[in-house]
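K.L.:
Sequence and predicted model, in that order:
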Amino acid sequence: MNLNKLAAQFHTADFIKDDPVQFPHLYKEKTDIEISAFVSAWIAYGSRVQIIKTLNKIHQEFLESPTNYIKEKKYQHYQNQERCLYRFYQEKDFFQLCETLHKILFEENFTCLEEKIQSLVSKKPTAIEVLETITKIFPNQKGIPQNTKSACKRLCLFLRWMIRKNSEVDFGIWQILSEQDLIIPLDTHVFRISKELSLTNRKQADMQTAIQITENLKTSFPNDPLLGDYALFGYGVNNKETKK
């Protein structure tokens, strides 16, 4: 299995249209992209069809600017609402997420989420340090792990979107980490494929497993291991088609 060929095949703009990453691609301004991407990654588990349906609804409320939506607290109607937003998320969970973003951007007056994180980490942080900082910024937020023992799949996905440059899919608008620092977004699908390809010998889909897979992907993608994320996606697509 040639992972480089698979990555080249699937790491294209065509990937965007069926993926949650389509939503931050609606915007040009950094903070709009950040907010849309963070919310989209937060929702990104389960059925892609249902993920995109939920994000469509949220982005219809965002209109032309997620930043203005947060600034003007247009999410207030979700406060204390226990109605289902998506799977185990209630509407009040989305309210809490938006409140934290409002605090960062319009009470603490950081220009963006990256600047807030930079204020709390070392000069040259690791991905783990950045992930741990995000968990502390969003304490007790449903859908955001409280530590980095778990794989932190959705946070790793968000970082992939923000960090990877020279990509038609990812944005590369953050400087806090480099492509080499990133950790693969590990879900059950990626875990299964990684075991098939002997990228991991571990039995649990946790952070240590995500790190092991990422390190092994550096054999094929030494400077940009998460390009391998697209290769694993492509392997899964091709395998599925073969088994039909």
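P.N.:
On my side now, so go ahead. Quick caveat, the model's predicted, so the values are computed rather than measured.

K.L.:
Touching, Asp170 and Arg160? I think so.
P.N.:
Yes - counting by C-beta atoms under 8 Å, Asp170 does reach Arg160; the two are 5.9 Å apart. In short, each C-beta sits where N, CA and C put it, glycine included.

K.L.:
how long is stretch 178-192 end to end?
P.N.:
27 Å (C-alpha to C-alpha, to the nearest Å).

K.L.:
any chance you could map the helices in the protein?
P.N.:
Using DSSP state H, the helices of the chain run over 3-10, 30-43, 48-62, 66-71, 91-102, 113-118, 127-137, 153-163, 188-196, 207-217, 227-243.

K.L.:
The residue nearest to Leu217 when sequence neighbours are not counted: what's it in contact with?
P.N.:
Take Leu217 and drop its neighbours on the chain: the residue closest to it by C-beta to C-beta, 6 or more residues apart in numbering is Gly228, 3.6 Å away. With contacts defined as C-beta atoms under 8 Å, 6 or more residues apart in numbering, Gly228 is in contact with 3, 7, 184, 214, 217, 220-221.

K.L.:
ok so, going back, would you format the helices of the chain as JSON lines with distance to Ile16 and mean pLDDT included?
P.N.:
Below are the helices of the chain laid out as JSON lines (distance: least, C-beta to C-beta, whole Å; pLDDT from 0 to 100):
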{"stretch": "helix 3-10", "distance to Ile16": "11", "mean pLDDT": "96"}
{"stretch": "helix 30-43", "distance to Ile16": "12", "mean pLDDT": "98"}
{"stretch": "helix 48-62", "distance to Ile16": "12", "mean pLDDT": "97"}
{"stretch": "helix 66-71", "distance to Ile16": "18", "mean pLDDT": "98"}
{"stretch": "helix 91-102", "distance to Ile16": "24", "mean pLDDT": "98"}
{"stretch": "helix 113-118", "distance to Ile16": "22", "mean pLDDT": "98"}
{"stretch": "helix 127-137", "distance to Ile16": "24", "mean pLDDT": "98"}
{"stretch": "helix 153-163", "distance to Ile16": "11", "mean pLDDT": "98"}
{"stretch": "helix 188-196", "distance to Ile16": "19", "mean pLDDT": "95"}
{"stretch": "helix 207-217", "distance to Ile16": "22", "mean pLDDT": "98"}
{"stretch": "helix 227-243", "distance to Ile16": "12", "mean pLDDT": "83"}
